[in-house]
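Asks: pasting the sequence and the predicted coordinates here, then a few questions.
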Amino acid sequence: MCHLQELVEDTDRRLKAFSNSEPAKYKQLMLTLLAQGALSVIGAGHGGSHSIRVLCRPMDSKLVQGLCEQAAQVAARRFVNAAQLDAQRREATKLGVLGKKLQGSSSTVKPPQLPEIKVVFVLDSGNALSDSSAGGVITTSRDGLIVADNTLEKRLQIAASGLQPVLKQVVFPSSMPLELPVSAGAGAHHGAEADLLGV
């Protein structure tokens, strides 16, 4: 795991330089992180108006303010698309379950009304991220009870933890499940299955 730690530290150094070295890509990333953060805070199926607090580095505040309206539109569009897909799935399920009963009837399955949504971002300059942060945003509900950490450090941490099982398979290949030989007899096959199942 020492090499993984070195990789994470090297990536962290690169992320800290990313906002200055690749401003156009960083801007696009921030737009995506804002929209994802809003959707994480809102959750599924909760239409209406949502005020989303945003925390960012002081140096990113102007960039974030410039992206808020576009990110709100992206979040609202994704929310409606997800709601439409959910409504289509529900309608298909109802038709599958009730279809035969409805064939001789004048009744139809009515699709649910899609929720309307409005997202408003509010920059929380009183609780800014540290200047030493690599960037990204934290979005929260108005009351602060729901928090979505979309900082670059958090995203790196999540990616690194996802690599650990992969590295375990590479470093310790004996822990991988064994393939059973095709030509093994019935008794040998049964014994191998028992070993794999830990019996």
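Replies: That came through, no problem. Residues are numbered from 1 along each chain as shown.

Asks: and residue 93, how far is that from residue 86?
Replies: Per CB to CB, to the nearest Å, residue 93 is found 11 Å from residue 86. Every residue, glycine included, has its C-beta placed from N, CA and C.

Asks: equivalent analysis for residue 48, please.
Replies: Taking CB to CB, one finds residue 48 at 17 Å from residue 86.

Asks: likewise residue 138?
Replies: Using CB to CB, we find residue 138 at a distance of 27 Å from residue 86.

Asks: same deal with residue 36?
Replies: From residue 36 to residue 86 the distance is 18 Å (CB to CB).

Asks: who has more neighbours out of those two?
Replies: residue 36 (18 against 14; other CB atoms under 10 Å).

Asks: show the model's pLDDT score for that one.
Replies: Looking at residue 36, its pLDDT stands at 95.

Asks: again, but for residue 155
Replies: For residue 155, pLDDT reads 91.

Asks: what's the distance between residue 140 and residue 61?
Replies: Applying CB to CB to residue 140 and residue 61 gives a distance of 16 Å.

Asks: between these two, who's got more neighbours?
Replies: residue 140 (20 against 16).

Asks: that one reaches residue 148, doesn't it?
Replies: Yes: Residue 140 is in contact with residue 148 according to CB atoms under 8 Å; the separation is 7.4 Å.

Asks: which neighbours do these two have in common?
Replies: Common neighbours of residue 140 and residue 148, counting by CB atoms under 8 Å, 6 or more residues apart in numbering, are residue 41.

Asks: quick one, what contacts the residue nearest the centre of the chain?
Replies: For the chain, residue 36 is the residue whose C-alpha lies nearest the centre (CA atoms, centre = their mean; 7.1 Å). By CB under 8 Å, 6+ apart, the contact set of residue 36 is 148, 150.

Asks: try it again with 7 Å
Replies: residue 150 (CB atoms under 7 Å, 6 or more residues apart in numbering).

Asks: in terms of helices and strands, where is it?
Replies: For residue 36, the host element (DSSP states H and E) is helix 23-42.

Asks: would you mark the buried spots in that helix?
Replies: Residues of helix 23-42 classed as buried by neighbour count (16 or more other CB atoms under 10 Å): 26, 29-31, 33-42.

Asks: format these as JSON lines; extra columns: distance to residue 68.
Replies: Converted to JSON lines, these look like this (distance: CB to CB, whole Å):
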{"residue": "26", "distance to residue 68": "16"}
{"residue": "29", "distance to residue 68": "15"}
{"residue": "30", "distance to residue 68": "10"}
{"residue": "31", "distance to residue 68": "10"}
{"residue": "33", "distance to residue 68": "12"}
{"residue": "34", "distance to residue 68": "7"}
{"residue": "35", "distance to residue 68": "10"}
{"residue": "36", "distance to residue 68": "14"}
{"residue": "37", "distance to residue 68": "12"}
{"residue": "38", "distance to residue 68": "10"}
{"residue": "39", "distance to residue 68": "15"}
{"residue": "40", "distance to residue 68": "16"}
{"residue": "41", "distance to residue 68": "14"}
{"residue": "42", "distance to residue 68": "15"}
